[in-house]
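S.K.: what's the 3D shape of this:
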Amino acid sequence: METALQEKEEQRGVEEPLPGFLVIAAGGAGKDSASSTIRQHQAAGNPFVMDTLAIDTDPDGLGAFTSAINIALSREAVSALRSDPQRYGPACQAVVRHHPHLLDSETLGRGARTHRPLTQVAWELNKNRIQEGLRAAIHAILQKGPFARIQPVVLASLGGGTGSAATILLLNEFLHPQNKSHLTLGLPPELVAVPVAIVIDAYAHAIQQRNEMTRDWILSNIYASRTELAECEKRGKKYQYVFHLGLGSDAGAIFPSIRDVCEANGLLAWEWMANFAYFKSRAVDSLHFAMTGTHFRGGNTPESIIPKDEWPPYASSKGPDAGPGT
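M.R.: Okay, the predicted model is just below:
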């Protein structure tokens, strides 16, 4: 019986065509994660269509991706904002009124510096460019082959000023009816799938900070992002899936640097895309799917450390008995 079900599931997974993937790297950690994804994709011989789009308030490194949207704040843009803040909405008004120091001309163009409001200001000032950049990226993928679906995959850190805010703002771009109609103008509205987010909860990175204020900002960003994601879900605007990479359990692995975390996050994204048909058909299960990845060695999950009778509900049925590399 079990074998028959497995064969049916495998057949269903094989028959489902791969979509065209649009990896959206938001913020510095998002760019580092996407760079890892690109390396994995190239090492595997580019087995499926995948384009990358970087969106950041820091222009450094944007040239490494298929396309990019630089939303760094300029002095001219800030001057226009200060002269007429009401034109750009309540969020921008609040920053001008209550946090004018964030718009200091000496620090413009250096990223959001863990300040989420700066990203929202930059987003409002560059909204048309962001929408046109997303639309252009969608059309660029369509030129590489006929696809029934384009799957956006957002990579970011919820602890950063840009990534944590952009994760929420991108959701609005893809799911708000008016914004989505602009993205899919002239295309079937169902072409662009609901985005998937693969994000870093940078708790360990925050704890390592010697500056107490920086640590608090990172932790606050994570909390704010998770709260907003939950609120978006209540309002019916939610990601298809949100995968969190962070401190999942006492027995889990802790990476020594944020770059190592980004490397793992990018690998996770590539594994999810490379095994899309399988994961799509099994997503309703409580499968600990990291153990199905082709590069996973099986040495840093709870299943490989704690006794089997104490496994958490999501534990893979393979477990440590399957051996490393299985």
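
S.K.: So Glu173 versus Ala137, what's the distance?
M.R.: Per C-beta to C-beta, to the nearest Å, Glu173 is found 12 Å from Ala137. (Each C-beta comes from the backbone N, C-alpha and C, glycine too.)

S.K.: Comparing these two, which shows the higher neighbour count?
M.R.: Of the pair Glu173 and Ala137, Ala137 is the one with more neighbours under other C-beta atoms under 10 Å, namely 23 against 20.

S.K.: any idea which helix or strand carries that one?
M.R.: Assessed by DSSP states H and E, Ala137 sits inside helix 127-142.

S.K.: helices or strands up against that helix?
M.R.: Applying 3 or more C-beta pairs under 8 Å, 6 or more residues apart in numbering; DSSP states H and E, one finds that helix 127-142 contacts strand 20-26, strand 50-56, strand 67-70, strand 150-157, helix 161-175, helix 177-183.

S.K.: Mind checking what helix or strand follows the helix or strand in which Ala264 is found in sequence?
M.R.: Counting by DSSP H and E, the element that carries Ala264 is helix 258-274. Sequence order places helix 276-282 as the next helix or strand after helix 258-274, per DSSP H and E.

S.K.: And Ala156, how close does it get to Ile71?
M.R.: Distance from Ala156 to Ile71, by C-beta to C-beta: 14 Å.

S.K.: now the helix holding Ala264: mean pLDDT?
M.R.: For helix 258-274, mean pLDDT is 92.

S.K.: can you pull the contacts of Phe147?
M.R.: Counting by C-beta atoms under 8 Å, 6 or more residues apart in numbering, Phe147 makes contact with Pro17, Pro19, Gly20, Val49, Ile141, Leu191.

S.K.: among those residues, which ones are buried?
M.R.: By neighbour count, with 16 or more other C-beta atoms under 10 Å, the contacts of Phe147 hold Pro19, Gly20, Val49, Ile141, Leu191 as buried.

S.K.: pLDDT wise, what is the second one at?
M.R.: If I follow you right, that is Gly20. pLDDT, Gly20: 97.

S.K.: oh, and call the first residue 21 from now on, that's how I've got it
M.R.: Sure, I'll start counting at 21 from here, so that last one is Gly40.

S.K.: tell me the contacts of it?
M.R.: Val69, Met70, Asp71, Ile161, Leu162, Lys164, Gly165, Phe167, Arg169, Ile170, Gln171.

S.K.: So what sits opposite the nearest residue to the fourth one once chain neighbours are set aside in the bridge?
M.R.: Nearest residue to Ile161 in three dimensions, chain neighbours excluded: Gly40, at 4.1 Å (C-beta to C-beta, 6 or more residues apart in numbering). Bridge pairing for Gly40 (DSSP bridges) gives the partners Ile170.

S.K.: For Gly40, give its distance to Gln113.
M.R.: Counting by C-beta to C-beta, the gap from Gly40 to Gln113 is 39 Å.

S.K.: Show me what the top helix by length along the chain is packed against.
M.R.: If you go by DSSP state H, the chain has its longest helix at helix 232-254. Applying 3+ C-beta pairs under 8 Å, 6+ apart, one finds that helix 232-254 contacts helix 181-195, helix 223-227.

S.K.: ranking these by burial, who's on top?
M.R.: helix 181-195 (a mean of 24; mean count of other C-beta atoms under 10 Å).

S.K.: Leu249 - nearest residue in space that isn't next to it in sequence?
M.R.: Leaving aside its sequence neighbours, Leu249 sits nearest to Val262 (C-beta to C-beta, 6+ apart; 6.5 Å).

S.K.: which SS state does that neighbour fall under?
M.R.: strand (DSSP: H, G, I helix; E, B strand; the rest coil).

S.K.: List the beta-bridge partners for it.
M.R.: Beta-bridge partners, per DSSP bridges, of Val262: Ala217.

S.K.: give the contact list for it.
M.R.: Applying C-beta under 8 Å, 6+ apart to Val262 gives the contacts Val216, Ala217, Ile218, Val219, Leu249.

S.K.: Buried members of those into PyMOL, please.
M.R.: Selection of the buried residues among these in PyMOL, burial being defined by 16+ other C-beta under 10 Å:
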select buried, resi 216+217+218+219+249
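
S.K.: how much space is there between Ala297 and Gln171?
M.R.: Distance from Ala297 to Gln171, by C-beta to C-beta: 12 Å.

S.K.: So if I had to pick from those two, which one is more boxed in?
M.R.: Using other C-beta under 10 Å, the more surrounded residue of Ala297 and Gln171 is Gln171, with 23 against 16.

S.K.: so who does the more buried one touch?
M.R.: Listed by C-beta under 8 Å, 6+ apart, the contact partners of Gln171 are Pro39, Gly40, Phe41, Leu42, Ala213, Pro215, Val216, Met293, Phe296.
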